[in-house]
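Engineer: Quick one, what's the 3D model for this:
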Amino acid sequence: MKKFSPTLLACAIALVSSTSALAHHSAAAFDTQTETTITGTVTQYSFRNPHVYMSLSRTLEDGTTVITEVEAGAGSVIGPLGFDRDAIKVGDLVNILGNPSKRNPATMFLGRELYTAAGTYLPLNISSKSSYVESAETASTIAGTWFSPRTSFFAFMGTARDWKLTEAGTAALAAASANPVPTPQKDCIPIGEPGVMFYPVANVIEVQPDTVVMHIDWLDSVRTIYLDGRAHPAATETSLHGHSTGHWEGTTLVVDTTNFAVNPIGLSTSLPNSTSKHLVENFALSADGKGMVYSGVMEDPQYLAAPVEWTGTWLFRPEMQPSNETCDLVTAQKFLDD
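Structural biologist: As a prediction, this is how the structure comes out:
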């Protein structure tokens, strides 16, 4: 049987409940109470989703040379913060601030901030300060590239602890807390909507006469909203992102989504969804064109005792580039040990 490392039990920082952290990675395998800087030459570099990795050749105080593997955030997450895939290359001398591994402090390291030999700062983690330079451009429609800031991301994830649950929902939450297991994100299956919509990644929206297509740069998530008046299919026809129909109310897109397949993290990082999950979402352009209000209502009578409402803000980022990297299973399962 495969043993799952703690580093794949949660994603970053935000807590969904007092005992369950947000799903893909946490810093559990690293000594977050010890912050230090390592210096070395890049010998390997991989810009991937859901993680960026690099190896450094460095010399320890006793004169020995070691190869230290540095784990950074997903390319799709640290890219919008200012980490360009071409920012570093093999042969570069770099300084990295972060946390050593609890098990192998000399050879494994969690990167937080990177500084090149020239002193250029690059973010390596979802919680790192951004070096992204904002554009003054504004939007006239919801078409274009949008970014959900981590403040909106953490705010939505934090609301899960206050949701009113059914007996089945309470039992599912208790089971997840008592017996943490690898989340489906190790298999490149993302958290369900609306959670995935709040990931701090580049979201590219294409508006056509009969469809709106949303490319969410997290674990290959793509949503198609049909505007041609079609009905939802039979309840037995389910899919990961469900079936979405929509209509315009002025410049606001209103979306109705049903037919969700069961997902163990379909409602939150600790709550599955049933096939009765139902979403109504609103994508409303702000008056100044600099942002978009993303709001809605989520229902799932099997697990939620009352509808869940949310409101968050996306920022218009026309020059921001998505990672253009599909989720790599080898990278996602890097810490699955035999």
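Engineer: Could you use CA atoms for every contact and neighbour count after this?
Structural biologist: OK.
Engineer: What is the burial count for residue 36?
Structural biologist: 13 (other CA atoms under 10 Å).
Engineer: Then residue 131?
Structural biologist: Number of residues near residue 131 (other CA under 10 Å) recorded here: 14.
Engineer: That one contacts residue 114, doesn't it?
Structural biologist: No. Under the contact definition of CA atoms under 8 Å, residue 131 does not touch residue 114, with a separation of 11.7 Å.
Engineer: any shared contact partners between these two?
Structural biologist: Any residue near both residue 131 and residue 114 by CA atoms under 8 Å, 6 or more residues apart in numbering counts here, and that gives 121, 122, 123.
Engineer: Tell me the secondary structure of the closest residue to the last one other than its chain neighbours, please.
Structural biologist: It stands for residue 123. With CA to CA, 6 or more residues apart in numbering as the measure, residue 113 is the residue that lies nearest to residue 123, at 5.0 Å, once sequence neighbours are left out. Counting by DSSP: H, G, I helix; E, B strand; the rest coil, the backbone at residue 113 sits in strand.
Engineer: going forward, begin numbering at 607 instead of 1
Structural biologist: All set: I'll call the first residue 607, so the last point we hit is now residue 719.
Engineer: per-residue confidence for residue 719?
Structural biologist: What the model reports as pLDDT for residue 719 is 97.
Engineer: measure it to residue 754 for me?
Structural biologist: 21 Å (CA to CA, to the nearest Å).
Engineer: So for the two, which sits in the more crowded spot?
Structural biologist: Relative neighbour count places residue 754 above the other of residue 719 and residue 754, with 24 against 19, counting by other CA under 10 Å.
Engineer: quick one: contacts for that one?
Structural biologist: By CA under 8 Å, 6+ apart, the residues touching residue 754 are 803, 804, 805, 806, 807, 808, 919, 920, 921.
Engineer: Secondary structure for the residues you listed - can I get that in a markdown table?
Structural biologist: Formatted as a markdown table, the entries for these read as follows, by three-state DSSP:
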| residue | secondary structure |
| --- | --- |
| 803 | helix |
| 804 | helix |
| 805 | coil |
| 806 | coil |
| 807 | coil |
| 808 | strand |
| 919 | strand |
| 920 | strand |
| 921 | strand |
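Engineer: Out of these, which is nearest to residue 853?
Structural biologist: Set against residue 853, the nearest of the contacts of residue 754 by CA to CA is residue 803 (19.0 Å).
Engineer: need the contact list for the closest one.
Structural biologist: When contacts are counted by CA under 8 Å, 6+ apart, residue 803 touches 754, 822.
Engineer: where's it relative to residue 889, distance?
Structural biologist: Taking CA to CA as the measure, residue 803 falls 11 Å from residue 889.
Engineer: and this protein, what are its domains?
Structural biologist: Under the assignment automatic domain parsing, the domains of the chain span 637-738, 750-922.
Engineer: Select, out of the ones you listed, the one closest to residue 935.
Structural biologist: Taking CA to CA as the criterion, residue 935 comes closest to domain 750-922 out of the domains of the chain, the separation being 6.3 Å.
Engineer: Show the end-to-end separation of that closest one, please.
Structural biologist: With CA to CA applied, domain 750-922 spans 8 Å between its terminal residues.
Engineer: returning to what we had before: mark which of the shared contacts of residue 737 and residue 720 are part of strands, please.
Structural biologist: Taking DSSP state E, the ones among the shared contacts of residue 737 and residue 720 that sit in strands are 727, 728, 729.
Engineer: Can you add neighbour count and give these back as TSV?
Structural biologist: Below are those laid out as TSV (neighbours: other CA atoms under 10 Å):
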residue	neighbour count
727	18
728	25
729	27
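Engineer: how about CSV for the residues you listed, with pLDDT and distance to residue 636 added?
Structural biologist: As requested, those are exported to CSV (pLDDT from 0 to 100; distance: CA to CA, whole Å):
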residue, pLDDT, distance to residue 636
727, 97, 22
728, 97, 21
729, 97, 18
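Engineer: Nearest to residue 638, out of the residues you listed: which one, please.
Structural biologist: Ranking these by separation from residue 638, with CA to CA as the measure, puts residue 729 on top at 17.0 Å.
Engineer: Compute the distance between residue 880 and residue 907, please.
Structural biologist: Distance of residue 880 to residue 907, given as CA to CA: 8 Å.
Engineer: where along the chain do the helices fall?
Structural biologist: Counting by DSSP state H, the chain has these helices, from start to end: 681-684, 756-764, 773-784, 935-938.
Engineer: Of those helices, flag the one that's most buried.
Structural biologist: Each of the helices of the chain was given a mean neighbour count from mean count of other CA atoms under 10 Å, and the largest, a mean of 29, is that of helix 681-684.
Engineer: Where does the prediction get shaky in the protein?
Structural biologist: 607-633, 941-944 (pLDDT under 70).
Engineer: What helices and strands are in contact with the longest strand anywhere in it?
Structural biologist: Using DSSP E, we find that the single longest strand of the chain is strand 642-653. Applying 3 or more CA pairs under 8 Å, 6 or more residues apart in numbering; DSSP states H and E, we find strand 642-653 packed against strand 658-665, strand 699-706.
Engineer: I appreciate the help and will end here.
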